[in-house]
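[1] following is a predicted model, sequence given first.
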Amino acid sequence: MLLDAASNAQQGLKDIINPLVHPFLALTAIGTLSMALIQTAKDMLPLRRWFQRKWIQDWLASRAETRSDEHEAPPQEKGFAADPKAAENDLIRMATSGDSHAFYELAIEQLCGQMNAAVQVSLDNAADHKHLIWCLAWLADNEDLNAILEPPINEMRRVQAGDPNANRLVVDKYTAARNRVSHFIQRSIDGIQIAAGSKWKLRLQVLSIALSCILSLVGLISSGQGGTSLVWAIPMGIFAGFVAPVSRDIIAAIQQFRK
């Protein structure tokens, strides 16, 4: 009796699961195919480079404009207006020796890492990188910008040499100002990484859903479901589109394993 009950329960589970397996496999196949097509397009076309170049350019332009609208230029920089194009060129020159393709082809985490390394070097000689610092430190105070644009080089050397007559207050003021400006720059870079990464993933998600809807529609029409194809293609495409990122992660893991 117990074996019969177990057998009946097993058969009941099969009756429940079997109708769900084939549609799920079909949707998984559609999602995998759409992600494979997207990955192929990414490999053949510089989609990431186009997106990140446009994003960084728009970000620098908007921050330069915001800074100009909300803050007057530092006293020694009257008439100065940040040029986002000059800031971008300076950033690329410092990050990848002027190779814009190499810079924008990086994953957003690596791109922001290169930005961080470039900015730390530029802060050592801020006067030569005013456009870049002006855009990235768009929330910093003018007093702090003034301090780092004209560092007390002589006093810093005297302090390092152990001169008891060196004005340590001036050096401490410069160090504190640099730390505050560096903090605002770091938060700007973090914001770029979070926002750009999120937008890039959203675009891939939307593209995978749209492509999955098209593939679902083609599959339904080819199977003779012409009358209801459009009705079912949209929900099937949406579900398959959400399955696609899982397929993408599996493909990425396989590629990483092959390397």
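    It's in.
[2] just want the most central residue of the chain.
    residue 197 (2.9 Å; C-alpha atoms, centre = their mean).
[3] tell me who's in contact with the residue lying closest to that residue once chain neighbours are set aside.
    In space, and not counting its chain neighbours, residue 197 is closest to residue 108: 4.6 Å by C-beta to C-beta, 6 or more residues apart in numbering. All C-beta spots, glycine's among them, are computed from the backbone N, C-alpha and C. Residue 108 makes contact with 52, 192, 193, 196, 197, 200, according to C-beta atoms under 8 Å, 6 or more residues apart in numbering.
[4] give the residue spans of the stretch 51-200 of the chain that score low on pLDDT.
    Low-confidence segments of the stretch 51-200 of the chain (pLDDT under 70): 67-80, 154-155, 157, 159-161, 163-166.
[5] does residue 106 touch residue 99 like I think?
    No: between residue 106 and residue 99 there is no contact under C-beta atoms under 8 Å: 10.7 Å.
[6] more neighbours: which of the two?
    Neighbour count, other C-beta atoms under 10 Å: between residue 106 and residue 99, residue 106 has more, with 18 against 12.
[7] neighbours of the residue nearest to the more buried one when sequence neighbours are not counted, how many?
    What sits nearest to residue 106 in space, not counting adjacent residues and going by C-beta to C-beta, 6+ apart, is residue 114, at 6.6 Å. Neighbour count for residue 114, taken as other C-beta under 10 Å: 17.
[8] ok, residue 114 touching residue 104?
    No: judged on C-beta under 8 Å, residue 114 makes no contact with residue 104 at a distance of 10.5 Å.
[9] how about the helices in the stretch 151-259 of the chain?
    Counting by DSSP state H, counting those that start in this stretch, the stretch 151-259 of the chain has these helices, from start to end: 153-160, 168-222, 229-258.
[10] quick check: which element contains the residue nearest to residue 106?
    According to DSSP states H and E, residue 114 maps onto helix 108-122.
[11] from the middle of its chain, how far away would the next helix or strand along the chain from that helix be?
    With elements assigned by DSSP H and E, the helix or strand that comes after helix 108-122 is helix 130-136. Distance, stretch centre to chain centre, for helix 130-136: 20 Å (C-alpha atoms, centre = their mean, to the nearest Å).
[12] can you check stretch 188-195 too?
    Using C-alpha atoms, centre = their mean, the offset of stretch 188-195 from its chain centre is 7 Å.
[13] sorry, back to before: can you pick the most crowded of the contacts of residue 108?
    Within the contacts of residue 108, most neighbours by other C-beta under 10 Å means residue 52, with 23 neighbours.
[14] leaving out chain neighbours, which residue sits closest to that residue?
    Using C-beta to C-beta, 6+ apart, the nearest residue to residue 52 is residue 104, at 4.7 Å.
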